[in-house]
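Peer 1: Sequence and predicted structure below; questions after.
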Amino acid sequence: MARYIARRLLWTVVLMFAVSVVTFVIFYVLPSADPAALRAGRHASPQQIEEIRHKYHLDKSLLDQLSFYFKGILLHGDFGISYVNDQPVAKLVFSRLPATISVAVGAAVLWLLSGVAIGIISAVRRHSKLDRTTMSLALVGISAPVYWLGLVALYLFADDIGLIPLFGGSGSYQPITEDPLAWLNSMILPWVVLAVAFAAFYSRLLRGTLIEVMGEDYIRTARAKGLPERTVVMHHGVRAAITPIVTAFGLDLGALLGGAVLVEIVFNIPGIGRLAYDAILHSDLFLIQGTVLLAAFFVIGANLVVDVVYAYLDPRVRYE
């Protein structure tokens with residue numbers, strides 16, 4: 001296992017390098033605004049624009065710029081300076097990370113608990129009215145766009161513009177270190193909105209897998225031994241059926257830690273997703289690069305964690 005993890009960590013470095021190169025190439029191939037002109041402002045002279053272009057090495061070739069970028073990372077831990085904010089990219093990214101973690105982790109706990117519980121109940125009581133109702137609602141949850149759900153939730157429940165003001169709304173985000181109660185109040189709506197689609201997908205996925213597992217021979221053998229139905233379902237059935245959920249959960253959480261863009265924009269949460277959106281609007285290459293690398297790191301790390309967890313959930317999985 002240790003050798004497998006070491007190999008995967010080495011591959012992580014290779015993949016991060018590949019992601020950086022692809023981001024640079026896309027930035028140069030696709031038409032975009034001149035970062036130097038954006039940094040200089042509307043009334044800047046051509047000389048000022050050229051000075052800024054030289055300062056950020058924008059007058060160099062693509063290979064030279066890649067070389068400067070990776071030398072800064074490897075030698076100084078420097079991910080560049082934001083063209084628009086004139087601040088270190090690492091500082092901007094890590095200042096926004098707590099808000100994104102608040103959104104992603106809270107929503108993940110909510111959708112995992114609700115999705116798994118609904119999936120188990122629907123599988124055990126399949127074809128019942130409860131099963132039909134929950135699966136119909138799950139289909140609606142999967143079909144509804146996140147940004148639409150967010151706007152509807154704000155219209156109905158936000159404490160500033162809602163018809164039934166129950167929870168925090170747009171512009172009400174507070175860091176947990178400043179006011180924990182205000183932070184919790186501002187997170188309820190984003191958590192619920194983000195969790196709806198994921199919980200619906202997880203419940204349908206677990207239901208289908210668990211129904212298939214409950215028809216296996218070893219389940220009939222467990223019942224024949226006189227084990228309680230609860231033990232048969234939870235210990236034998238769910239453990240075997242949970243593997244696809246682990247895969248989906250790891251990838252989804254990793255992607256969201258890289259920025260829940262739509263939710264952060266709708267609820268005005270200053271997270272990584274909102275930062276990446278603003279960076280793209282302003283063609284801020286180094287800031288785009290920093291947010292993309294962070295998202296890639298979380299996704300790759302989530303893949304590694306999922307593979308390791310597999311070995312503990314499924315005795316048939318072994319890494320040599």
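Peer 2: Arrived safely, thanks for sending. Residues are numbered from 1 along each chain as shown.

Peer 1: who does the host helix or strand of residue 212 touch, helix- and strand-wise?
Peer 2: Taking DSSP states H and E as the definition, one finds residue 212 inside helix 180-213. Counting contacts by 3 or more Cβ pairs under 8 Å, 6 or more residues apart in numbering; DSSP states H and E, helix 180-213 packs against helix 89-124, helix 129-143, helix 146-157, helix 239-241, helix 243-257, helix 261-266. The C-beta positions use only the backbone N, C-alpha and C, and glycine is treated the same way.

Peer 1: so where is the protein shaky, pLDDT-wise?
Peer 2: Under the criterion of pLDDT under 70, the regions of the chain flagged as low confidence span 1, 29-34, 41, 160-163, 165-171, 259, 311-320.

Peer 1: Need phi/psi at the closest residue to residue 73 other than its chain neighbours.
Peer 2: Excluding the flanking residues, the one nearest residue 73 by Cβ to Cβ, 6 or more residues apart in numbering is residue 79, at 6.2 Å. Per-residue torsions, residue 79: phi -90, psi 20 (degrees, to the nearest 10).

Peer 1: now do residue 81
Peer 2: phi -110, psi 130.

Peer 1: circling back: can you list the buried residues in the helix holding residue 212?
Peer 2: Applying a neighbour-count criterion of 16 or more other Cβ atoms under 10 Å, the buried positions in helix 180-213 are 183-207, 209-211, 213.

Peer 1: C-terminal to it, what's the next element?
Peer 2: If you walk from helix 180-213 toward the C-terminus, the next helix or strand you reach (DSSP H and E) is helix 217-224.

Peer 1: And the next helix or strand past that following helix?
Peer 2: Next along the chain after helix 217-224, taking DSSP H and E as the criterion, comes helix 229-231.

Peer 1: The residue nearest to residue 73 and residue 203: what is the separation?
Peer 2: Plainly put, residue 79 is 40 Å away from residue 203 if you go by Cβ to Cβ, to the nearest Å.

Peer 1: Three-state assignment for residue 172, please.
Peer 2: coil (DSSP: H, G, I helix; E, B strand; the rest coil).
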